[in-house]
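[1] Just need the structure, nothing else, for what follows:
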Amino acid sequence: MSKSESAKQRLKNGEPIYDARELGLAKMLVLGFQHMFAMFGATVLVPALTGLSVSATLLFAGVGTLLFHLISKRKVPAFLGSSFAFLAGYGAIAPNGEKELLPYACLGVACAGLVYLILAALIKAFGINKVMKFFPPIVTGPIIVAIGLTLSVSAVNNCATNWLIAVIAILIIIICNIWGKGMIRILPIIIGVIGTTVIAIILMLMYGTLDSTGANIVMDGHDKLLLFSKAALDNIKNAPWVGLPFHKNETILYVIEHPDTKLIIASIVTIVPIALATVVEHIGDISAISSTVGKNFIKDPGLHRTLTGDGLATTLASLFGAPANTTYGENTGVLTISKVYDPLVIRIAAVFAIIFSFSPKVAACISAIPTPVIGGISLVLYGMISAVGVRNIVENKVDFNKTRNVIIAAIILVLSIGITYTEAAAIVFKIGSVTISLSGLAVGSIAGILLNAILPGKDFDFENTENGAEIELADEEEAEALKKAEN
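    All right, here's what the predicted structure looks like:
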C-alpha cells in the first residue's frame with residue numbers, strides 16, 4: 001500500500017495525519033486554501049471595523065504566521081490572524097478610524113507585542129513550570145470553552161442575516177464531514193463556502209432585489225434574507241488585479257515624520273496593558289491546539305517560543321499599519337474537522353494570504369462571500385473550539401467532585417460570557433488619567449488564574465504532563481519506570 005493510499009485509509013478510519021505530504025501536493029494546496037478561507041472572514045473584519053488596510057492585514061497575517069512557525073521550530077499548526085482584543089485600543093486613539101490617528105494606535109499595539117517578549121524571557125529564565133502552575137487544565141479548559149462561546153455571538157449575528165443560507169452552509173459541512181469520503185471529508189469548510197456561495201448566486205439571479213436601504217441584495221425584498229452586499233460586488237468590478245498592500249502614511253513612518261508626544265504616550269499607556277489579557281488568550285489557544293493535535297506544544301517547542309513568535313508578529317504587523325496578530329481559533333476548528341495536523345498546511349495558507357494581499361481583485365472576491373455563509377461556517381468552527389475545551393477537561397481528568405474546581409470553572413465561564421454579552425461588553429476602570437478596558441474573556445481568565453493560585457487543593461502537576469493529559473505517579477518506582485520508558 002502506497003503512502004497516499006495509507007493516508008486515505010487512516011483518514012477514512014478517523015485517524016489524524018501528521019505529514020500532509022502523504023496526501024500529495026494538490027491536496028496539500030487545497031487544504032492550505034481551506035485554512036485561508038477559515039481565517040479570512042474574521043481577519044478582514046478587524047480592518048473593516050478600525051479603518052486599517054485589508055491588504056496589509058492579509059500580508060502580515062501571512063508573514064506573521066511564517067515568522068511564528070520559524071520561531072516555534074515549525075512544530076505548531078497555528079495560523080495568526082487579526083486580533084479582536086485590541087479593538088478597544090484602536091477605538092480609544094482613533095474612534096472614527098481617522099487615518100492620521102491610526103498610526104499612533106498601531107505604535108501602541110507594536111509596544112504591546114513587546115510584552116510577549118518580556119514574558120517569554122522570564123519563562124526562559126525561570127522555567128516553564130513556575131509559570132504553567134498558574135494555568136492547569138481547570139483554568140485553561142474553561143478558558144478554551146469561553147473563547148468559543150464568546151465568539152459565538154458574531155457567528156449567530158451573521159447567520160441571522162439569512163438563516164436559510166447559513167443552515168445550508170452548516171448542512172454541507174456536516175454531510176461532508178460525516179458521510180464524505182477522501183478529500184471531501186477533510187475539506188468541508190472550503191466545500192461549504194464555495195457550495196453555499198454558488199447557491200446564493202443562483203438565488204440572487206432568480207429572486208434577487210435590493211433591500212429597503214438599497215445597500216444589499218436580498219431574496220424577494222426580504223431584508224432578513226441577505227444574499228450579497230452591493231458595495232462588495234461593486235468593489236470586485238472596480239478593484240485592480242495588482243496593487244501594493246500598504247502605503248507610507250499608514251505605517252510607523254507617519255509617526256516619525258509627524259511626532260505628537262501626547263498621542264504617543266496616550267497610545268502606549270492605553271494599549272500596552274491589553275497585552276496582559278491577550279497573553280492569557282494565547283496560552284488558552286496554544287492549549288486548545290495542543291489538545292486538538294495531541295501534542296504538548298507548551299512544552300515543545302515551548303511557550304517562550306510561541307509567545308515570542310506571536311509578539312514579534314504583532315509588533316511587525318503594527319509597524320506597517322496592520323492589526324495585531326493572534327493565534328486563530330477558526331483554524332483550530334479546521335484542524336479538528338480535517339484531522340490533518342501538519343503545520344506545513346498552515347504555512348501554505350500563509351503563502352496564499354501573502355499572494356492575495358498583492359491582488360485587491362482577489363481580496364475583493366473573497367470579501368464578497370455572503371455574510372450568512374461566513375456565519376454558518378463560523379458557527380461550526382466556534383462550537384468546535386468550545387468542544388476542544390471540554391475535551392481538554394475530560395482528558396486531564398479534572399475532578400469536579402472538588403468544590404474548588406467547580407468554583408474556578410464557574411467563575412471563568414460566567415464572567416467571560418456574562419460580561420461579553422452585557423451592554424458594556426467590558427470592564428472599564430481608570431488609573432489616574434488612563435482608562436483601561438478589559439474584555440469579558442480577560443476578566444474571566446484573570447479571575448480563574450487568581451482563584452487557582454489562592455484556593456487550596458491543587459491536584460495538577462504540569463511537570464509530569466504529556467500531550468495534555470495528567471500522569472499520576474503512585475510512587476518513586478513508577479516515576480523511575482516512566483522516565484526509563486520515555487528514554
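
[2] tell me the SS of residue 223?
    Under DSSP: H, G, I helix; E, B strand; the rest coil, the three-state class of residue 223 is strand.

[3] Show the pLDDT at the nearest residue to it once chain neighbours are set aside.
    Nearest non-adjacent residue to residue 223, counting by CB to CB, 6 or more residues apart in numbering: residue 211, 4.7 Å away. Quick note: C-beta positions are derived from backbone N, CA and C, even for glycine. You'll see residue 211 listed with a pLDDT of 86.

[4] Help me confirm that residue 211 comes into contact with residue 219.
    No: taking contacts as CB atoms under 8 Å, residue 211 lies outside contact range of residue 219: 9.8 Å.

[5] more crowded one of those two?
    For residue 211 and residue 219, the more surrounded residue by other CB atoms under 10 Å is residue 219, and the numbers stand at 21 against 18.

[6] so the more buried one bridges to which residues?
    Residues in a beta bridge with residue 219, per DSSP bridges, are residue 208, residue 222.

[7] so it sits right up against residue 208, yeah?
    Yes: if you go by CB under 8 Å, residue 219 and residue 208 touch, sitting 7.0 Å apart.

[8] quick one: common contacting residues for these two?
    Residues within reach of residue 219 and of residue 208 at once, by CB atoms under 8 Å, 6 or more residues apart in numbering, are residue 227.

[9] Could you tell me how many residues sit around residue 239?
    Around residue 239 there are 16 other residues, counting by other CB under 10 Å.

[10] one step back: what's the spacing between the residue nearest to residue 223 and residue 32?
    Applying CB to CB, to the nearest Å, the value for residue 211 to residue 32 is 36 Å.

[11] same thing with residue 184?
    17 Å.

[12] Give me the neighbour count for residue 299.
    For residue 299, the neighbour count with other CB under 10 Å is 18.

[13] which one is it nearest to, not counting chain neighbours?
    Spatial nearest neighbour of residue 299, excluding adjacent residues (CB to CB, 6+ apart): residue 128 at 7.0 Å.

[14] Tell me, what's the model's pLDDT at residue 71?
    Residue 71 is assigned 97 on the pLDDT scale.

[15] host element of the residue lying closest to it once chain neighbours are set aside?
    In this structure, residue 71 finds its nearest non-sequential neighbour in residue 309, 3.9 Å apart by CB to CB, 6+ apart. In this structure, residue 309 is located in helix 303-319 according to DSSP states H and E.

[16] Check residue 413 too.
    Secondary structure from DSSP H and E places residue 413 in helix 403-420.

[17] Just say helix, strand or coil for residue 217.
    What three-state DSSP gives for residue 217 is strand.

[18] Based on its surroundings, how many neighbours for the residue nearest to residue 299?
    Look at residue 128: counted by other CB under 10 Å, it has 16 neighbours.

[19] That one touches residue 303, doesn't it?
    Yes: under the criterion of CB under 8 Å, residue 128 makes contact with residue 303 at 5.8 Å.

[20] give me phi/psi at the residue nearest to residue 223?
    Dihedral pair for residue 211: phi -80, psi -170, per degrees, to the nearest 10.

[21] Can you name the residues that contact it?
    If you count contacts by CB under 8 Å, 6+ apart, residue 211 has them with 217-218, 221, 223, 226.

[22] could you redo those as JSON lines and give each row distance to residue 332?
    Listed next are these as JSON lines, based on distance: CB to CB, whole Å:
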{"residue": "217", "distance to residue 332": "33"}
{"residue": "218", "distance to residue 332": "33"}
{"residue": "221", "distance to residue 332": "39"}
{"residue": "223", "distance to residue 332": "34"}
{"residue": "226", "distance to residue 332": "28"}
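
[23] Cool, thanks, talk later.
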